[in-house]
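1. task: produce atomic coordinates for the following.
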Amino acid sequence: MPWELTIWILSVLLCMVLLTQRWWEPKLAKQGARLGGGGSWRWYLLGYPVALVRVPLTWRKVCRVLDLDIPRRPRYSMMNRDTMVAGTAVRGLPPRLGLPRVTRFGFVVRVHLHPGQTPAAFIAASDALVHAWRVHQVRVTSPRRGMVDVVATGYDPLARVESWPTLPTPRLLAATLGKADDGSYWTVDLRTSPHWLVTGATQSGKSTLLAAWLTELGSQRVILVGIDLKGGMELGLYEARLAALATDREEARRLLTALVTELMGRMATCRAAGARSIWDLPEGARPDPVVLVVDEVAELFLVGSLAGRKEVVECATLLLRVAQLGAALGVHMILAGQRFGSDLGPGATAIRAQLGGRICHRVNDEQTAVMTLGDLAPDAVTVAQSITEDEKGVAVTALDGQWMRVRSRLVTPDELRTHANLTTHHVTAPFLDRIPDGSGDRD
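-> Residues are numbered from 1 along each chain as shown. Next up, the predicted model:
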């Protein structure tokens, strides 16, 4: 007897007990919250047994409606294949469906494709499968040729954030920011993807994400520098930990100039040592990594005068140089803003091409969602636009053509300020002492 069928029989028996003794439910819910599973216990006992029955029963009808089956033809036939015959339509032959395998938040079912079928049709049918199977979300992947895995999420694991356990400690430059829609921890590693773009409207959770990111990186031996052109209202809460903070465009230009100068010095060090990156240097000779956090990046590209236009071009050029050279030299960027579009100029578009990681919260305009996700995962744009105002902290992240829904953990302003005061001694940045004062460094 397959173990999934055994689980289903045991689940039915447990459901009968729960229905007859309702006083167990508060205890079960309390135990699930203690284990960090939230509603996963209810899914194991009720949701999965129902799905185990519903999916096979509806598969033939779903394939016929969504045109996922192939026509069943007689084995021997002298009739031309284009000839139409009046009478009862021949029943289609759906792809072979495996038995749904239970997961913590849903189930996975494998589909064996007919010759000539491709995963594209099943990916396009994801939304229809959500309604047919009455689940929260459906993702389709292809583990190998001729097969697709339909990964269904029974309920939203991002709905409850208060029951999340303590997040694990990652390696240097990696940060565990929250959870993904499959229930796993959401970890971003800057050594794997060195530069990121974060967009989100007011009250969408963008500032909370930056706060979680700063506290994770601030506990490591990392040089943190910031540019906040809203007068430092956001990043100023973490100023005690930041090695430098620019609050206007002129300060930003000088800070970026110092970063580019440091990049040139690191490049010369690597060349002299015959290394392709700072991570190939001996640990004692390896400089500390630098992370530049820019809040409201659109302010860098706004032009109000001719002199301002020259500053914008210079800042965009410096940012682009940091993005192009920084990955191998240990200088990373996190650019955040409420909006990011092609109307900001060619400099913004060129910089976006260097930002391999993207995170899009709820935004107010479609162009920002398209600019954030459209070139990496076009089908994620619609998902990002469906985020509601009640889903604070929920975002869609894309990396290497793959996307997923995520939710960052909550870090309050008081927690951010306290963490900054506790980690001020972590690392120093001597190269920032050579920041030009602006008097003689320009034509």
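
2. so, low pLDDT: which residues of the stretch 1-150 of the chain?
-> By pLDDT under 70, the weakly predicted segments of the stretch 1-150 of the chain are 1-40, 73-90.

3. contacting residues for the residue nearest the centre of the chain?
-> Among the residues of the chain, T397 comes closest to the average C-alpha position under C-alpha atoms, centre = their mean, at 2.4 Å. The contact partners of T397, taken as C-beta atoms under 8 Å, 6 or more residues apart in numbering, are 186, 357-360, 403-404, 406. Backbone N, C-alpha and C define where each C-beta goes, glycine included.

4. neighbour-wise, give me the winner out of those residues.
-> Sorting the contacts of T397 by how many neighbours each has (other C-beta atoms under 10 Å) puts C360 first, at 31 neighbours.

5. what are the phi and psi values at that residue?
-> Reported as degrees, to the nearest 10, the phi and psi values for C360 are phi -120, psi 120.

6. so L416 sits in a strand?
-> No. Counting by DSSP: H, G, I helix; E, B strand; the rest coil, L416 is not part of a strand but helix.

7. and it, what is it in contact with?
-> By C-beta under 8 Å, 6+ apart, the contact list for L416 reads 211, 214-215, 237-238.

8. ok, now L97?
-> Per C-beta under 8 Å, 6+ apart, neighbours of L97: 55-56, 59, 109-111.

9. shouldn't the residue nearest to the centre of the chain be within a strand?
-> Yes. Membership of T397 in a strand is supported by three-state DSSP.

10. okay, and the beta partners of it?
-> Judged by DSSP bridges, the bridge partners of T397 are I359, M404.

11. how close does it get to A380?
-> 9 Å (C-beta to C-beta, to the nearest Å).

12. which residues do those two both contact?
-> 360, 403.

13. which of the contacts of L416 sits closest to G200?
-> Within the contacts of L416, the smallest distance to G200 is 12.9 Å, found for A211 (C-beta to C-beta).

14. which one is H136 nearest to, not counting chain neighbours?
-> T153 (4.7 Å; C-beta to C-beta, 6 or more residues apart in numbering).

15. can you count the residues close to the one you found?
-> Other residues close to T153 by other C-beta under 10 Å number 23.

16. three-state assignment of V150?
-> strand.

17. in this structure it contacts V130, no?
-> No. Using C-beta atoms under 8 Å as the test, V150 is too far from V130 to be in contact (10.7 Å).

18. anything in contact with each of these two?
-> Joint contacts of V150 and V130 (C-beta under 8 Å, 6+ apart) are V138.

19. which one of these two has more residues nearby?
-> The neighbour comparison of V150 against V130 (other C-beta under 10 Å) goes to V150, with 24 against 15.

20. which helix or strand contains the residue nearest to the more buried one when sequence neighbours are not counted?
-> Distance criterion C-beta to C-beta, 6+ apart; nearest residue to V150, sequence neighbours excluded, is V109 at 5.0 Å. According to DSSP states H and E, V109 maps onto strand 106-112.

21. quick one: list the elements packing against the helix or strand just after that strand.
-> Where DSSP H and E defines the elements, the next helix or strand beyond strand 106-112 is helix 119-124. With contacts taken as 3 or more C-beta pairs under 8 Å, 6 or more residues apart in numbering; DSSP states H and E, helix 119-124 sits against strand 137-141, strand 147-153.

22. how far is helix 119-124 from where the chain is centred?
-> Relative to the centre of its chain, helix 119-124 is centred 22 Å away, using C-alpha atoms, centre = their mean, to the nearest Å.

23. name the residues of that helix that come out as buried.
-> 119, 122-123 (16 or more other C-beta atoms under 10 Å).

24. for the stretch 201-350 of the chain, what spans make up the helices?
-> 206-218, 249-273, 306-329, 346-352 (DSSP state H, counting those that start in this stretch).

25. tabulate those (TSV), appending mean neighbour count, mean pLDDT and distance to G226.
-> Output for those, formatted as TSV (neighbours: other C-beta atoms under 10 Å; pLDDT from 0 to 100; distance: least, C-beta to C-beta, whole Å):
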stretch	mean neighbour count	mean pLDDT	distance to G226
helix 206-218	24	94	9
helix 249-273	18	93	9
helix 306-329	18	87	14
helix 346-352	18	84	17
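
26. so which of these gets nearest E299?
-> helix 249-273 (7.6 Å).

27. quick one: the residue nearest to V150 from A180, how far?
-> V109 is 20 Å from A180, by C-beta to C-beta.

28. neighbour count: the two, which is higher?
-> V109 (21 against 17).

29. thinking again about what came up before, between the helices of the stretch 201-350 of the chain, which gets nearest to F340?
-> Proximity of the helices of the stretch 201-350 of the chain to F340 was assessed by C-beta to C-beta; the nearest stretch is helix 346-352, lying at 6.7 Å.
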